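Engineer: With the input below, show me the fold.
(chains A, B, C and D)
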Protein chains: 4
Amino acid sequence: MANKTIRAAVLGASGYTGADLIRLAALHPAIKLTALIAKGHAGQSLAQVFPHLASLDLPALVTADQVDWSAVDVAFGGLPHGTAHTEIAQLPERIRVIDMSADFRLRDPSLYAEWYGGEHSAPALLEDAVYGLTDHYRDAIKSARIVACPGCYPTAVLLALLPLAKAKLIALDDIIIDAKSGVSGAGRTVKQNLLFSEAGEGLSPYGIGNHRHVPEIEQELGLAAGAPVRINFTPHLAPMSRGELCTIYVRLAGKTTAADLRQALTGAYADAAFVHVVVEGAIPATQHVRGSNYCHIGVFADRIEGRAIVVSTIDNLVKGSAGQALQNFNVMYGFDETLSLEQLPLFP
Amino acid sequence: MANKTIRAAVLGASGYTGADLIRLAALHPAIKLTALIAKGHAGQSLAQVFPHLASLDLPALVTADQVDWSAVDVAFGGLPHGTAHTEIAQLPERIRVIDMSADFRLRDPSLYAEWYGGEHSAPALLEDAVYGLTDHYRDAIKSARIVACPGCYPTAVLLALLPLAKAKLIALDDIIIDAKSGVSGAGRTVKQNLLFSEAGEGLSPYGIGNHRHVPEIEQELGLAAGAPVRINFTPHLAPMSRGELCTIYVRLAGKTTAADLRQALTGAYADAAFVHVVVEGAIPATQHVRGSNYCHIGVFADRIEGRAIVVSTIDNLVKGSAGQALQNFNVMYGFDETLSLEQLPLFP
Amino acid sequence: MANKTIRAAVLGASGYTGADLIRLAALHPAIKLTALIAKGHAGQSLAQVFPHLASLDLPALVTADQVDWSAVDVAFGGLPHGTAHTEIAQLPERIRVIDMSADFRLRDPSLYAEWYGGEHSAPALLEDAVYGLTDHYRDAIKSARIVACPGCYPTAVLLALLPLAKAKLIALDDIIIDAKSGVSGAGRTVKQNLLFSEAGEGLSPYGIGNHRHVPEIEQELGLAAGAPVRINFTPHLAPMSRGELCTIYVRLAGKTTAADLRQALTGAYADAAFVHVVVEGAIPATQHVRGSNYCHIGVFADRIEGRAIVVSTIDNLVKGSAGQALQNFNVMYGFDETLSLEQLPLFP
Amino acid sequence: MANKTIRAAVLGASGYTGADLIRLAALHPAIKLTALIAKGHAGQSLAQVFPHLASLDLPALVTADQVDWSAVDVAFGGLPHGTAHTEIAQLPERIRVIDMSADFRLRDPSLYAEWYGGEHSAPALLEDAVYGLTDHYRDAIKSARIVACPGCYPTAVLLALLPLAKAKLIALDDIIIDAKSGVSGAGRTVKQNLLFSEAGEGLSPYGIGNHRHVPEIEQELGLAAGAPVRINFTPHLAPMSRGELCTIYVRLAGKTTAADLRQALTGAYADAAFVHVVVEGAIPATQHVRGSNYCHIGVFADRIEGRAIVVSTIDNLVKGSAGQALQNFNVMYGFDETLSLEQLPLFP
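Structural biologist: Just a heads-up that it's a prediction; the model follows:
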């Protein structure tokens, strides 16, 4: 693999996931960023849009039309859902795609239409797409043309629950996911409720019962368990920029104990570079993974007999988006999975 | 009631609950603060300990020994649990006590010993104490000598659940309380995990399965339901100073619906000055009650059939402590319950 | 004054200054809020726009056209500059106006045009307007038809400097004002740089050398000193919602000392209800005035001989806007200046 | 230089500067961390003290006595001032020292005694020490045995002012430095004013006129200018964890303009890897350097003729401490200066 260079484009370079992808990919020894696409900012330098990236010597932002696609091997997608599938459908077929939007995550186009408010314009591509939860779909990702990176919440939830669902250690009809996210999870689009003065010093649930990450979680849990799953998923907006923590309340199957869950998770991730089951007694915290590609998972007994609590935390923009995208890139192109993702969490 | 003056002492005037009590009580037309007790700060002015209260013309901080108790009618207790019951046991019997510590909340002294790590030194007083959840124990509070104000979490939880438990609308063996609190809930004592650099931009659970507010919640729910209750209570520390929000996941009894819960709550609090069931579609947020004595409650259907979600939010230092204490004072002395508590939430 | 009721309208009821005015005025015993005007939200209830005010029983939001102006005695203006003067010019002349915008603060219309990018549409009204820095223009405010409440920064700066300029204790050509403000100072309009993810955990200057509060400060300092003044004013955006602190670096006139400055300020505000010169050794902090109408001022010697440092802090939405507006209302209508402004700072 | 391994010890591994040094050094290809010293935590794993570093396979914390110093080539010092010089004086002379404390920064021991409240116990070592402002003392650092890394504030200030003082572009008797820092600058020691509830949503100056970074700044400016310098330095605590921004008000020498300052700075740092003079019109912000070793500097004209404003920002724990320490390590051992410091700023 030595010395090979892969030429990459970033679609949606003016959003937070685009920026974090650039932040990480710019230091990847084998990636050459040849096109940064951001329709509304075409002509601007990256430094104008993201002054923290001013030290990088990269081409100015362009529209998709202005790109010489023959000089692109792989495209990272940081576009909003709804826009992503249209743009991606127009890319030459030889270009591999690592998409961070929601547009290729749901295997069933009718589910997409139901939750995302419109027909999917590229159902054929949907069939090819591989769900990019690296630690669970590594083999399929290797040869995929389109990798649909999971949403931030689904990443945290599925890393915690997939091994338990597969091993039938938990009841499937009683999964309650209380999720908390920092504000960057909502992207860079300006909305009143995301203003510092509104979101600061405050906390509230949102999207109760109808958050778009629900079908994605149910799809993957259902596949793992071999049976339909219906979950409670209640996200909350917390006054921080980065970080996501899911507190998951499960009913144990049969005589399963919390210790069994812990063992299953420890086993599942024994070789995982970034998924870390914390030692007994330790408690996961978003601070401990901030800015990194790590996922920390803890398992706790519940006061109510027959139940347990699983806590999972990630940085929503890294493991929950750009970091996992780059990890998938490494898998797809045969690099060490940790390449350019070694950076340790930033604390304090 | 016109023109009567009640002379009040504050035990623990250098803590956050003490300070918030002073903030509110200083403007109460019938209260004269005659003694501010703070052992470690005796001799200092209130302004030295709390510069935000520098405009008040109040006596300097003293030790309990230095107080002329004959000039005191009522004592507000802002001491930590464990210390409170000893100090309060020494007060002249004619002084009424409104305690904000945990020391008089548990009716069973053995439960106290189990959860608070030591024998209760005044079990006789414990028998006299009335649980100070104003909206549910108004009549008993009127004539109580000792009012044990509920903890902040129990206040938010019980206001949401007591009417539902009483009306047998929810299953008692499946109550999951995911609670989030600002940092002031931990008091003014310096601890590393409460530093800005540690708690800022981060979120994590703590005290999983063994938080001291558990027995208090179980006691009151059990009394309301007429049967023992065992809950899941999982608190989280959120990066804000004030505010507490509990997301409560309940299983509905029989054919009960979320709408039935809403109706029960709306009915229960039709005349409550401070408990507000938000209109359908609105979502409670800590920002909306900040600095005020209000509690906002919302009810939501769950994706999982047969379940519902109840969300309750308060300012932990006001309705969760000093505000409710003052509300109890108003009840005890025959004032309008809202006197000196009219202040609206501070947003943004 | 007993029992009189003044009927008030609020122009711009959907902004932060409008909301804070309503928060305070709703509890004023003599104010009846008869019209809440917010063009973009007409038809909505106040609770929809500001859920923290849901407990108030007030009329729904309307457009200015829908108001029965004969039922209005006084109008509080919370509109943005540029819009305010046009709206206010259309009000019946018998309605007194307490404006919180910048539109009536600059006595010289050409200065207005220069700094606010357009001709002033009501120069005649400008002549009538009184600058509403309560503690310095109390007498003129009493009988004013239009009171132009100062900007938040000018309030903090002028309360600190006017007595010093008047007494010729400081050099007029060497005033350096380093100002720091919370994000609510920028209003509720959505802008990318005000998002939590952008402004959180960060600090930066803005509007260096050309912030619109400059001419207002220079105007008033010049009037006080009897000579033109040119200042350095460098504001910074700090990651908090409320609060403003100005650190002012001055060169002392002749043999003046920092102690002389302190004495001049203490004397000037001996009878002021809300302006508090902190004791020597204490340091002003935005936390100590949060949510209140107080201004805290401190004076400090400088390491550089012949210089001193004056620190002034306010809550930008209260003393810096709605609180001072209400204080002016009290002055205009003969009420105690502190009526409905007694509320103590909220700390923590 | 290929393949050489330098064995490093960290003194004070349980503090924030120690942790950030470990975070960066652990990924340095030539550093092997052989000893982590933290007296109060000896026996604990690094993960217990800093869960965010749990993925590292490093030795447990020990006391200095337990270290086999023959297996150490270089020691990074993260101890508090006062403790550092005593501990460092006991190290074998063959061990090179990169100290992040204040103990070897002041060249004059009497100045040390005056500002740090005690005699310096190792004045001989003081003579050998090189001031570790990499960009200005690169040559001396190469061969130094002891490198005294500058304080965080001095780093930001001196990078901005040294080239200007050397070129005699600014007056030396009129330098006003208004500095703002995040809370991590105060270290991990628990103090009441650093609690989230105290420091959050608030801003205030501290150490006015007597902050310990004053003599260090005056020493270096004086050396650069060839004349004694006396500065105003007023630090403020801002509600964020990381980041430091200094707004520096200078009087221009003779006919110097702000453009001249900009040119001098651009020239001085043309080859600097981490010091970046932002383009005209751009404004430095702590967010843009967060977590990185970059320093961003901007120059602005002042409204007051003959003056200018220089703004400098760094991450206090990286360029202001551990990052610069590692940069000095690279210089001392002949590595590329940027090795293991390439990590880009974390935004949002």
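Engineer: Would you mind naming what in the stretch 201-348 of chain A lies close to chain D?
Structural biologist: Applying C-beta under 8 Å from any C-beta of the partner chain, we find that the stretch 201-348 of chain A lies next to chain D at A:201, A:241-242, A:276, A:278-279, A:282, A:285, A:287-292, A:294, A:296, A:317, A:342-348. Every residue, glycine included, has its C-beta placed from N, CA and C.
Engineer: Restricted to buried residues, select the residues you listed in PyMOL.
Structural biologist: Buried residues among those (16 or more other C-beta atoms under 10 Å in any protein chain shown), as a PyMOL selection:
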select buried, chain A and resi 201+241+242+276+278+285+287+288+289+290+291+292+294+296+317+343+344+345+346+347+348
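Engineer: ok, and which of the residues of the stretch 201-348 of chain A next to chain D reach chain C?
Structural biologist: Within these, those near chain C by C-beta under 8 Å from any C-beta are A:201, A:241.
Engineer: Could you verify my assumption that residue A:6 touches residue A:333?
Structural biologist: Yes - using C-beta atoms under 8 Å, residue A:6 is in contact with residue A:333, at 5.9 Å.
Engineer: what do those two both touch?
Structural biologist: Shared contacts of residue A:6 and residue A:333 (C-beta atoms under 8 Å, 6 or more residues apart in numbering or on different chains): A:30, A:74.
Engineer: In contact with the closest residue to chain C within the stretch 1-150 of chain A, which residues?
Structural biologist: The stretch 1-150 of chain A approaches chain C most closely through residue A:16 (7.0 Å), counting by C-beta to the nearest C-beta. Contact analysis of residue A:16 by C-beta under 8 Å, 6+ apart lists A:184, A:187, A:188, A:317, C:197, D:348.
Engineer: now swap in residue A:261 and tell me
Structural biologist: With C-beta under 8 Å, 6+ apart, residue A:261 has these contacts: A:164, A:169, A:170, A:250, A:252, A:299, A:308, A:310.
Engineer: Confirm it sits in a helix?
Structural biologist: Yes - counting by DSSP: H, G, I helix; E, B strand; the rest coil, residue A:261 falls inside a helix.
Engineer: Could you tell me how far it is located from residue D:313?
Structural biologist: As for residue A:261, its distance to residue D:313 is 46 Å (criterion: C-beta to C-beta, to the nearest Å).
Engineer: Check chain A for its longest helix and report it.
Structural biologist: Looking across chain A with DSSP state H, the single longest helix is helix A:152-166.
Engineer: ok, the helix or strand following that one: who's next to it in the sheet?
Structural biologist: Per DSSP states H and E, the first helix or strand lying C-terminal to helix A:152-166 is strand A:176-181. Take DSSP bridges as the rule and strand A:176-181 pairs in its sheet with strand A:232-237 (parallel), strand A:244-251 (antiparallel).
Engineer: CSV for those, including distance to residue A:193 and mean pLDDT?
Structural biologist: Listed next are the strands paired with strand A:176-181 as CSV, based on distance: least, C-beta to C-beta, whole Å; pLDDT from 0 to 100:
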stretch, distance to residue A:193, mean pLDDT
strand A:232-237, 8, 98
strand A:244-251, 18, 98
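Engineer: Which of the ones you listed sits closest to residue D:179?
Structural biologist: Between residue D:179 and the strands paired with strand A:176-181, the tightest spacing by C-beta to C-beta is seen for strand A:232-237, at 32.6 Å.
Engineer: tell me which residues in the closest one are buried?
Structural biologist: Neighbour count says strand A:232-237 has A:232, A:233, A:234, A:235, A:236, A:237 buried, by 16+ other C-beta under 10 Å.
Engineer: Go through those and name the one nearest residue B:66.
Structural biologist: Out of these, the member with the shortest distance to residue B:66 (by C-beta to C-beta) is residue A:236, at 46.8 Å.
Engineer: Please look at that closest one and residue A:182 and confirm they touch.
Structural biologist: No - contact criterion C-beta under 8 Å: residue A:236 and residue A:182 do not qualify, at 10.5 Å.
Engineer: Now for the residue nearest to residue A:276 when sequence neighbours are not counted, which secondary structure element holds it?
Structural biologist: Leaving aside its chain neighbours, residue A:276 sits nearest to residue A:296 (5.3 Å; criterion: C-beta to C-beta, 6 or more residues apart in numbering or on different chains). Here residue A:296 sits within strand A:295-301, counting by DSSP H and E.
Engineer: okay, now the domains of chain A?
Structural biologist: A:6-151+A:320-332, A:153-316 (automatic domain parsing).
Engineer: need those in TSV with distance to residue D:206, can you?
Structural biologist: Putting the domains of chain A into TSV (distance: least, C-beta to C-beta, whole Å) gives the following:
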stretch	distance to residue D:206
domain A:6-151+A:320-332	28
domain A:153-316	22
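Engineer: So which of those domains is nearest residue C:177?
Structural biologist: domain A:153-316 (23.3 Å).
Engineer: Quick one: end-to-end length of the closest one, please.
Structural biologist: 8 Å (C-alpha to C-alpha, to the nearest Å).
Engineer: Could you check how far that domain is from the centre of its chain?
Structural biologist: Averaging C-alpha positions (C-alpha atoms, centre = their mean, to the nearest Å) puts domain A:153-316 12 Å from its chain's average.
Engineer: Quick one: residues contacting residue A:249.
Structural biologist: A:175, A:176, A:177, A:178, A:302, A:307, A:309, B:176, B:178, B:232, B:234, B:249 are the contacts of residue A:249 under C-beta under 8 Å, 6+ apart.
Engineer: Go through the residues of the stretch 201-348 of chain A next to chain D and flag which are in helices.
Structural biologist: Using DSSP H, none of those sit in helices.
Engineer: just checking, which of the residues of the stretch 201-348 of chain A next to chain D belong to strands?
Structural biologist: Those of those mapping onto strands are A:276, A:296, per DSSP state E.
Engineer: Give me the distance between residue A:169 and residue B:145.
Structural biologist: In this view, residue A:169 and residue B:145 are 53 Å apart by C-beta to C-beta.
Engineer: Neighbour count for the two, which is higher?
Structural biologist: residue A:169 (21 against 14; other C-beta atoms under 10 Å in any protein chain shown).
Engineer: didn't that one look like it was pressed against residue A:252?
Structural biologist: Yes - counting by C-beta under 8 Å, residue A:169 does reach residue A:252; the two are 6.9 Å apart.
Engineer: which neighbours do the two share?
Structural biologist: By C-beta under 8 Å, 6+ apart, the residues touching both residue A:169 and residue A:252 are A:260, A:261.
Engineer: all helices of the stretch 51-200 of chain A, in order?
Structural biologist: A:84-89, A:109-116, A:123-128, A:134-143, A:152-166, A:196-199 (DSSP state H, counting those that start in this stretch).
Engineer: among the helices and strands of chain A, which one scores worst on average pLDDT?
Structural biologist: When the helices and strands of chain A are scored by mean pLDDT, DSSP states H and E, helix A:123-128 comes last with a mean of 91.
Engineer: Next up, the contacts around whichever residue of the stretch 51-200 of chain A sits closest to chain D.
Structural biologist: Among the residues of the stretch 51-200 of chain A, residue A:52 lies closest to chain D, at 3.9 Å counting by C-beta to the nearest C-beta. Each residue near residue A:52 by C-beta under 8 Å, 6+ apart is listed here: A:23, D:287, D:288, D:289, D:290, D:292, D:344, D:345, D:346, D:347.
Engineer: nearest to residue D:89, of those?
Structural biologist: residue D:292 (33.2 Å).
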